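> missing the sequence, but the structure's below:
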């Protein structure tokens, strides 16, 4: 899938077989109800269209709860779709998504997410995407095999797991991971897609903990790296992360939708810079803390680091020290 060059909260995947610009797609056996497992809710394409999409001025929009609206491309004849495939969009089969989830051999007790099977792709993000608490599975232009569905979903789930058990602020954990994986400065957030640590982690997760269908190819995106099963101690390290203590989420912001300035607060954990990201993982800005006795506050004027107003966006806030949880707000 498409790029994810930043410290991503919404990690766009790299499996080219699912790209709408390639000859690909998904089977369309849709379910009308959600499926819940280990705190993960799966919304079928039918449910997503019925409950989370709306028309406005002749255009269809996806409305993520408490988040932004995304225009959807409803026909393959749209210029945004380079490969017209067989002339139709093919949403993921929610039953197969649930099957892939049930086949994951990883302790997911700490993991919570909503999975939206999209009936149509997003205009500004044709490929599937994932991040903290959210997975968006984009349709293809040809029916997709069961193997590809399992592989792609499990890779996306790997991103969600990473942000839960190995946040970017956990420098000790990332240093251990880099040593295990023999990652040097070549592997960084701004590197080519297959060289990004987040993508390497997601592929490691897929291979080590996904079911047989998720591992049908026997390969990983970055062919220059050792295959995950050959890296001694890698699987044990990732499982160990799942048992790490969970910090109480004390980072908060009043309400959920904002037009003007926003103030974040956190109690009893000291002062640390606050990082803001949009739903695609783009880093927006860094806020300096203001210490107030036993608490800290961060004031945001609603602009990114370049001074541009952020509007109509889901914004994720997280302290650089990784403590206090993640807060999601919406710019109206």
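Right, received. Where do you want to start? As the structure is a computational prediction, the values presented were derived from the model and not from experiment. Numbering: from 1, shown residues only.
> Would you agree residue 160 falls within a helix?
Yes - secondary structure of residue 160 (DSSP: H, G, I helix; E, B strand; the rest coil): part of a helix.
> what's the neighbour count on it?
Residue 160 is flanked by 24 other residues according to other CB atoms under 10 Å. Every residue, glycine included, has its C-beta placed from N, CA and C.
> ok, now which ones touch it?
Each residue near residue 160 by CB atoms under 8 Å, 6 or more residues apart in numbering is listed here: 111, 113, 130, 131, 132, 133, 134, 135.
> Residue 72 pairs with what?
With DSSP bridges as the criterion, residue 72 is bridged to residue 60, residue 122.
> Check whether it really touches residue 119, as I assumed.
Yes - taking contacts as CB atoms under 8 Å, residue 72 lies within contact range of residue 119: 7.4 Å.
> What segments of the stretch 101-250 of the chain are strands?
For the stretch 101-250 of the chain, the strands defined by DSSP state E, counting those that start in this stretch occupy 113-117, 129-131, 134-137.
> Output the contacting helices and strands for the last one.
Taking 3 or more CB pairs under 8 Å, 6 or more residues apart in numbering; DSSP states H and E as the contact definition, the neighbouring helices and strands of strand 134-137 are strand 113-117, strand 129-131, helix 146-165.
> which one of those lies closest to residue 104?
Taking CB to CB, helix 146-165 is the member of the helices and strands packed on strand 134-137 nearest to residue 104, at 6.4 Å.
> Between strand 113-117 and the closest one, find me the angle.
Interaxial angle of helix 146-165 relative to strand 113-117 (axes from the mean of the first three to the mean of the last three CA atoms, to 10 degrees): 150 degrees.
> re earlier: who touches both of residue 72 and residue 119?
residue 53.
> so where is this structure shaky, pLDDT-wise?
1-38, 66-67, 244-249, 254-257, 269-270, 279-281, 321-323, 325, 332 (pLDDT under 70).
> the domain parsing of it - what is it?
In terms of domains, the chain is parsed into 1-246, 257-331 (source: automatic domain parsing).
> which of the ones you listed is buried the deepest?
Per-stretch averages of neighbours, counted by mean count of other CB atoms under 10 Å, single out domain 1-246 among the domains of the chain, with a mean of 19.
> hang on, the earlier thing: export the strands of the stretch 101-250 of the chain to TSV and tack on distance to residue 68?
What follows is the strands of the stretch 101-250 of the chain, written out as TSV (distance: least, CB to CB, whole Å):
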stretch	distance to residue 68
strand 113-117	13
strand 129-131	13
strand 134-137	11
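> all helices of the stretch 1-150 of the chain, in order?
In the stretch 1-150 of the chain, the helices defined using DSSP state H, counting those that start in this stretch lie at 45-52, 94-102, 146-165.
> what's the closest of the strands of the stretch 101-250 of the chain to residue 82?
Residue 82 sits nearest to strand 129-131 of all these, at 18.5 Å, using CB to CB.
> by contact count, what packs against the closest one?
Applying 3+ CB pairs under 8 Å, 6+ apart, one finds that strand 129-131 contacts strand 11-12, strand 134-137, helix 146-165.
> Partner strands of the second one, with direction?
Its sheet considered, strand 134-137 pairs with strand 113-117 (parallel), strand 129-131 (antiparallel) by DSSP bridges.
> Export those strands as JSON lines, with columns for distance to residue 320.
Below are these laid out as JSON lines (distance: least, CB to CB, whole Å):
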{"stretch": "strand 113-117", "distance to residue 320": "23"}
{"stretch": "strand 129-131", "distance to residue 320": "18"}
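> Tell me which of these approaches residue 283 most closely.
Residue 283 lies closest to strand 129-131 among the strands paired with strand 134-137, at 13.0 Å (CB to CB).
> And residue 99, how close does it get to residue 93?
Going from residue 99 to residue 93 by CB to CB, to the nearest Å gives 9 Å.
> hmm, I was thinking of residue 194
27 Å.
> now swap in residue 102 and tell me
For residue 102, the distance to residue 93 - CB to CB - is 14 Å.
> where exactly do the helices run in the stretch 151-300 of the chain?
Secondary structure of the stretch 151-300 of the chain by DSSP H, counting those that start in this stretch: the helices cover 171-181, 197-209, 234-242.
> Indicate which one of those is closest to residue 258.
Short answer: helix 197-209, nearest of the helices of the stretch 151-300 of the chain by CB to CB, at 27.8 Å.
> and the angle for that closest one with helix 146-165?
Orientation of helix 197-209 against helix 146-165 (the same axes, to 10 degrees) gives an angle of 120 degrees.
> Remind me what helix 197-209 packs against, helices and strands.
When contacts are defined as 3+ CB pairs under 8 Å, 6+ apart, helix 197-209 packs onto strand 11-12, helix 146-165, helix 171-181, helix 234-242.
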